[in-house]
Structures are given as structure tokens and as C-alpha cells.
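Peer 1: let me see the structure of the following:
(chains A and B)
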2 protein chains.
Amino acid sequence: METATVNPVHQDCFIDATQRESFYRILHNRRDVRAQFKPDPIPDEVLSRVLHAAHHAPSVGFMQPWNFLIIRGAEVKQKIHAAFAEANAEAAEMFPQDQQETYRKLKLEGILEAPVNICVTCDRRRAGPVVIGRTHLRIMDLYSSVCAVQNLWLAARAENLGVGWVSIMKQQAIHAALGIPEHIIPIAYLCIGYVSHFYARPELETAGWLPRLPLGDLIFFDQWGQSRTADSEPLIARIRQDAPAPQP
Amino acid sequence: METATVNPVHQDCFIDATQRESFYRILHNRRDVRAQFKPDPIPDEVLSRVLHAAHHAPSVGFMQPWNFLIIRGAEVKQKIHAAFAEANAEAAEMFPQDQQETYRKLKLEGILEAPVNICVTCDRRRAGPVVIGRTHLRIMDLYSSVCAVQNLWLAARAENLGVGWVSIMKQQAIHAALGIPEHIIPIAYLCIGYVSHFYARPELETAGWLPRLPLGDLIFFDQWGQSRTADSEPLIARIRQDAPAPQP
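Peer 2: Have a look, this model is predicted:
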């Protein structure tokens, strides 16, 4: 089977340093792409690998609550783009006056330019009324579908494909444009395609909208708000040392 | 800087076939670990890389809403384990009579055995009242923290560390055990450590609880429920061909 090279499952599969380095290279160079999509088609074998990666996300009680709605038709893309445009105009008005101009200049989606759009959904009834691990936290099914999104995103980056997550839409507009039933939740609307280039940093960081937070400040030990304990210093020192260089 | 090898960020970083293969090897061999934890400590440099991977997840409007609460103290672990035990007893009762015995035999957490537990949270007030991309789908901040969980999980696998997500707890019990304020949402309670072995397949699949769904059945085109379109056959054929061999 051709996928033996990219879909291997082994008992006790050991990951070596070179493989680990490749993984981090992919993870740290993943971006949310909006403006760099090229029209080149995505080969079926590439799209298949990316979708299998999504399908091998963890899911609560092995529920696999996701579907993947692949959008390639111009008419449907236009409907989705109209839903974005309406919500985006509303969104601009919500920001403080001095931020509105900056907001309106940001390119926040590539719906029409990306050759493929994928809507990842969550079927809340999948696997019946009682699901292992979902008895007390009902929201776990939605989280499972988000894990599938993140697997898809990283796999796409491994294939040198850009992905952008468009969230500036009313939930109801997505249901309407894609004919999604009420009990199915659209989790992510993704634009996917090859790109002219990947940025080295997230665009909102580069644009000065928000800085990368120092990871060391986000870590607590044993209790919320407890930044330091008797044995926490070496780890925090290491985390600060490992932080990527600040944006030049 | 020592992390140059694992935290590289480049303009236009190209991923080659060997690197891609390493990535898929890690992704497809990730498991939800419950019973195979070893007590060996996790070196600080390894934990640092895993946490940096989580911190480099996508987040809506670059909000980075996560914190990482690292639990190593026996007393806190005991409280969390008690919260699990209480919820798990309730959970068993929710299943049909004929499934309850099987459910009670499943080992569903490794809270006390794993050397490190990490609670990933979401601060819904991070980055102020209006966040780019969160104006219409308020839940996007929770989804961002889930992306951090999945990045952490995959990075841990790249480091040959097992991770188990424990979701059989009441939200309020997690708040209480960890002193988490009301407006901070605990997203995932994770058990992390080196393992005696990784299974080749998800445990619930191996146990016959649920089968892996055929990915080809979960794909629609342009509209919900539309399984086939004029040009969809080659992709679906490819997806079916790429599916891992069924469980022996």
C-alpha cells in the first residue's frame, strides 16, 4: 500500500532526534494564511493524507464526531464570502474608534483565492447518547473536532500547504450556506492551498497588533497563580532560555 | 541558543518528503495513554520544548488565552484523583446495564502514576473585550486552547512521552482542586510521562468498544450530505485506498 510511508502504526514506535527536529520545524513554521494562496490544485493523494491526519485526531470515547465538508464550487464559496463580508463589517464597528482603521486594513480570509475550503463539523449525536469521557463535560465532543482541525493544519504545513481559519461569520450563515443540520456544529471553516510564501511570524504579531506573550509568565505550579515553588526555578529558567528571539 | 535545532522559524521554510514522513510517523503513533506510565522524571529541557510547542498553537486574534498549570505535588494529584473517582462512579451508572461491567474494567486515567499532570486553561478575558475573529463566534477562545492541547500532545509524542486526557470530572471539582477562578475555563487535564510501551491502536478500538469509522464515509462535497459530485470520485477512491489496514 502506498501509504506505508506516511501512515505507519507500530507497537512501541520510537521517535529519534532527527524525526523530532522535523516535527518541531513543521510545528513552529505553521501559519494562519490569508493573502498568499495560489490557485494550483491540491493533488488527491496530498488531500487524502491531510484528511487522514485529521481523522486520526484524539476523540472523546473514540467518538470521531467530525465530518469534512470539502468546498470547491465557486457558488458556495461566494455565499460563504458574503457571510464573512457581512460579519466583518459588523466586527469593525465593535473595536475602539482608533483601532477600526487598522482592523479594516487587515486581510482576514482567503475564501475565494484558496482552491479548497474545508468545513470541519461536530455531530453531537455520533456514537449514541452516552459516550465515555463525555458524561460530565458535554463539550468534549466539540474539543475533539478542534483536535482534528489542528491535526489537519499541521499535516497541511507538512505538505507545504497553507491553511487559514475563518471565524468571522455568524454560525447560522454557515449552516445556511452549507445546508448543515441544526444538531451538527460547524467547528472551523478552513481555506487551504499552496502559497507564494509563508511568513516567519504570525501576521498579527508582525503588524504590532499583539505581542507574543512570554511563556514563562503563563506557567503555574500545583495551584492557580502560584508562579514559583521550591523546585520550579530550573524549569522556568529553561523555558525563558528556549524562547525564540524577540521579533526584530 | 540550544533551541536553534528544535525551534526554527524561517521565511519560506520548505518541508521535504523525509521530514513529512517523520511528522506523520509521530501523528499516527500518538495515543491516549492511561495505564503505561513510568515514574521517570521528565527533564526540564524536554518539558520546555513541549510547552513551547503548546504555546505556538494558533489562537484567535493572537489572543494566546492559555495558561499551563503544572501539577507535580502528591496532595493535589490525590484531590484530582478523588474528583475523577467520584465522577467515574456516576458515569458507570449512565451506561446501559450490559455495558456497565465493561466500562468499570476500563482504565481511564493515570493521574497518580504519571510524574507530571498539566491542566491547560482558557482565560476568556485575555486580550480585552474585543478580539479579532471572536466577534461572532465567542467560543473561539476555547478552541484556541484546545489547539494548544493538541500541539502539546503531538510534541510529547515526538519526545516519546505519553499523554492521557482525563475528562471524567466535574468542572467545579477541577476549579476547587486547583484554585482556578470562575472566569478561567479548565480545558484539559493531562497526565504526562514516559511509558513502558505505546499501543499500535487506540485502546477503545482494540477493546472492541467502537470501530474506526471509514474516513470516506465522513466526507461531503459543497453541501452537507452530498457524498458524491461529478469530480469527487478520484479523491474518495484515494482516501479509501490510503486507509490503514483494518484491525487484525
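
Peer 1: quick one: is stretch A:185-194 near chain B?
Peer 2: Yes. For stretch A:185-194 and chain B, the contact criterion (C-beta under 8 Å from any C-beta of the partner chain) is met by A:Ile187, A:Ala188. Heads up, the C-betas are built off the backbone N, CA and C, glycines and all.

Peer 1: what mean pLDDT does that stretch get?
Peer 2: For stretch A:185-194, mean pLDDT rounds to 98.

Peer 1: what stretches of chain A score poorly on pLDDT?
Peer 2: Along chain A, segments meeting pLDDT under 70 span A:1-8, A:11, A:245-248.

Peer 1: what's the local residue count around A:Arg49?
Peer 2: Using other C-beta atoms under 10 Å in any protein chain shown, A:Arg49 is surrounded by 23 other residues.

Peer 1: contact partners of the longest helix along chain A?
Peer 2: The helix that spans the most residues within chain A, counting by DSSP state H, is helix A:74-94. By C-beta atoms under 8 Å, 6 or more residues apart in numbering or on different chains, the list of residues contacting helix A:74-94 from outside reads A:71, A:100, A:103-104, A:108-109, A:111-112, A:117, A:166, A:168-170, A:173-174, A:176-178, A:189, B:130, B:132, B:135-136, B:222-223.

Peer 1: buried only: go through those residues for me.
Peer 2: A:71, A:103, A:108-109, A:111, A:117, A:166, A:168-169, A:173-174, A:177-178, A:189, B:132, B:135-136, B:222 (16 or more other C-beta atoms under 10 Å in any protein chain shown).

Peer 1: from the structure, what's the count of residues near A:Gly225?
Peer 2: Other residues lying near A:Gly225 total 11 when counted by other C-beta under 10 Å.

Peer 1: now do A:Val60
Peer 2: As a burial measure, A:Val60 scores 26 neighbours (other C-beta under 10 Å).

Peer 1: three-state assignment of A:Ile70?
Peer 2: The three-state label given to A:Ile70 by DSSP: H, G, I helix; E, B strand; the rest coil is strand.

Peer 1: which SS class is A:Val120?
Peer 2: A:Val120 carries the three-state label strand when classified by three-state DSSP.

Peer 1: quick one: A:Arg104 from chain B, how far?
Peer 2: 12 Å (C-beta to the nearest C-beta, to the nearest Å).

Peer 1: quick check: which element contains that residue?
Peer 2: Taking DSSP states H and E as the criterion, the element that holds A:Arg104 is helix A:97-105.

Peer 1: next, the angle helix A:74-94 makes with that helix.
Peer 2: 170 degrees (axes from the mean of the first three to the mean of the last three C-alpha atoms, to 10 degrees).

Peer 1: so which elements touch helix A:97-105?
Peer 2: The elements that helix A:97-105 packs onto, with contact taken as 3 or more C-beta pairs under 8 Å, 6 or more residues apart in numbering or on different chains; DSSP states H and E, are helix A:74-94.

Peer 1: I'd like the next helix or strand past whichever strand or helix holds A:Gln19.
Peer 2: Assignment of secondary structure by DSSP H and E places A:Gln19 within helix A:17-28. Next in sequence after helix A:17-28, counting helices and strands by DSSP H and E, comes helix A:44-55.

Peer 1: helix/strand/coil for the residue nearest the centre of chain A?
Peer 2: Note on chain A: the residue nearest the mean C-alpha position is A:Gln150, at 4.5 Å, using C-alpha atoms, centre = their mean. For A:Gln150, the assignment made with three-state DSSP gives helix.

Peer 1: show me what contacts it?
Peer 2: A:Ala57, B:Ala57, B:Pro58, B:Val146, B:Cys147, B:Gln150, B:Asn151.

Peer 1: quick check, nearest of those residues to A:Glu205?
Peer 2: B:Pro58 (12.0 Å; C-beta to C-beta).

Peer 1: quick one, what contacts A:Phe95?
Peer 2: With contacts defined as C-beta under 8 Å, 6+ apart, A:Phe95 is in contact with A:Tyr103, B:Val130.

Peer 1: domain map for chain A?
Peer 2: Domain assignment of chain A by automatic domain parsing yields the ranges A:19-211, A:212-248.

Peer 1: now the residue of chain A most remote from its centre: phi and psi?
Peer 2: Residue farthest from the centre of chain A, counting by C-alpha atoms, centre = their mean, is A:Ala230 at 36.7 Å. Per-residue torsions, A:Ala230: phi -50, psi -40 (degrees, to the nearest 10).

Peer 1: I'd like to know how far it sits from A:Leu108.
Peer 2: Taking C-beta to C-beta, to the nearest Å as the measure, A:Ala230 falls 46 Å from A:Leu108.

Peer 1: which ones among the buried ones among the contacts of helix A:74-94 lie within helices?
Peer 2: Secondary-structure check on the buried ones among the contacts of helix A:74-94 using DSSP H: residues within helices are A:Tyr103, A:Ala173, A:Ile174, A:Ala177, A:Leu178.

Peer 1: in terms of secondary structure, what does the top strand by length along chain A contact?
Peer 2: The single longest strand within chain A, with elements called by DSSP state E, is strand A:184-194. Strand A:184-194 sits against strand A:116-123, helix A:140-158, strand A:161-166, helix A:171-178, with contacts defined as 3+ C-beta pairs under 8 Å, 6+ apart.

Peer 1: contacts only, for the nearest residue to A:Asp40 once chain neighbours are set aside.
Peer 2: For A:Asp40, ignoring the flanking residues on the chain, the nearest one in space by C-beta to C-beta, 6 or more residues apart in numbering or on different chains is A:Tyr194 at 4.8 Å. A:Tyr194 makes contact with A:Phe37, A:Lys38, A:Asp40, A:Ile42, A:Asn160, A:Leu161, A:Gly162 under the criterion C-beta under 8 Å, 6+ apart.

Peer 1: would you list the buried entries among the residues you listed?
Peer 2: For those, a burial check counting by 16+ other C-beta under 10 Å picks out A:Phe37, A:Ile42, A:Asn160, A:Leu161, A:Gly162.
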